[in-house]
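mind folding the following:
(one chain, ligands or ions: 1)
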Amino acid sequence: MISPALEFDLKSSIRTIPDYPKPGIMFRDITTLLGDARGFRRAVDELVQPWAGSKIDKVAGIEARGFIIGGAVAHQVSAGFVPIRKKGKLPHTTVRIAYSLEYGLDEMEMHEDAISKGERVILVDDLIATGGTAEGAVKLLRQIGAEVLAACFIIDLPELGGADKIRKLDVPVRTLVSFEGH
Ligand code: AMP
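Numbering: from 1, shown residues only. Purely as a prediction, here's the structure:
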């Protein structure tokens, strides 16, 4: 949990675009938070606060907004950064997994040598909705032998059940603010 005052501040710096990218979706745009120096720093600090002082080898960020937040988090906890990308974007040998989207399937990849067996990893993205993306990422990380310490997201859409889905995989989930609906 974070303080109600901080949750209010963070929520106020996230912009909502109704009906983007399609009707019925309330798009939670974090570019306004990223552009707010104090807000960005506080979000990054808070995201990994429960693991401050723990040994973290790598932070894995999900393309694309997870790269921005994950990079900052990796710096903060003195860990390496590992990108999890859409298929076909990484230049070296990869491991790949299919994951479910709201409508359909997609695939994500990591470099096979990005994480060594037993390394302690925190997964980061901007938002968790249905949890399909994060579930795929957790499975991919475990497939190459990572110990997934936690999954951290600035925004939770609790009605879609994603955070619970990840907790059922025995991965602690940290989120900072919640919004109703999709
Ligand atoms: P999901 O796999 O359903 O948990 O979707 C999570 C991914 O989709 C994240 O990478 C988010 O950036 C993106 N996403 C899903 N819903 C929204 C939303 N309402 N606003 C902004 N991004 C979203």
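
ok, the closest residue to Ser100 other than its chain neighbours - contacts?
With C-beta to C-beta, 6 or more residues apart in numbering as the criterion, Ser100 has its nearest non-adjacent residue at 4.1 Å, and that residue is Gly132. Placement of C-beta: from N, CA and C, glycine included. By C-beta atoms under 8 Å, 6 or more residues apart in numbering, the residues touching Gly132 are Tyr99, Ser100, Leu101, Glu102, Gly162.

just checking, next helix/strand downstream of the helix or strand harbouring the first one?
I take that to be Tyr99. Taking DSSP states H and E as the definition, one finds Tyr99 inside strand 94-100. Toward the C-terminus, strand 94-100 is succeeded by strand 105-111 as the next helix or strand (DSSP H and E).

contact residues of this structure facing the ligand?
By the criterion of C-beta under 6 Å from any ligand atom, the positions of the chain lying close to the ligand are 25-28, 62, 65, 102, 125-134, 162, 182.

and stretch 157-164, what's buried?
Of the residues in stretch 157-164, those buried under the neighbour-count criterion (16 or more other C-beta atoms under 10 Å) are Leu157, Leu160, Gly162, Ala163.

backbone dihedrals for the closest residue to the first one other than its chain neighbours, please?
Taking C-beta to C-beta, 6+ apart as the measure, Leu157 lies nearest to Ala129, with 4.8 Å between them; neighbours along the chain are not counted. Main-chain torsions, Ala129, degrees, to the nearest 10: phi -110, psi -100.

ok, Ala129 - contacts?
Taking C-beta under 8 Å, 6+ apart, we find Ala129 in contact with Glu102, Leu157, Leu160, Gly162, His182.

what are the boundaries of the helices in the chain?
Remark: helices assigned in the chain by DSSP state H are 4-12, 31-34, 37-47, 65-76, 132-143, 162-167.

farthest residue from the center of the protein?
The centre of the chain is farthest from one residue, Pro23, which by C-alpha atoms, centre = their mean lies 24.5 Å away.

can you read off the pLDDT for that residue?
On the pLDDT scale, Pro23 is placed at 93.

and for the one 10 residues further on?
pLDDT, Leu33: 98.

my guess is Ala134 contacts Asp126. True?
No. Ala134 sits out of contact with Asp126 when judged by C-beta atoms under 8 Å, with a separation of 11.1 Å.

those two: who's more crowded?
Using other C-beta atoms under 10 Å, the more surrounded residue of Ala134 and Asp126 is Ala134, with 29 against 23.
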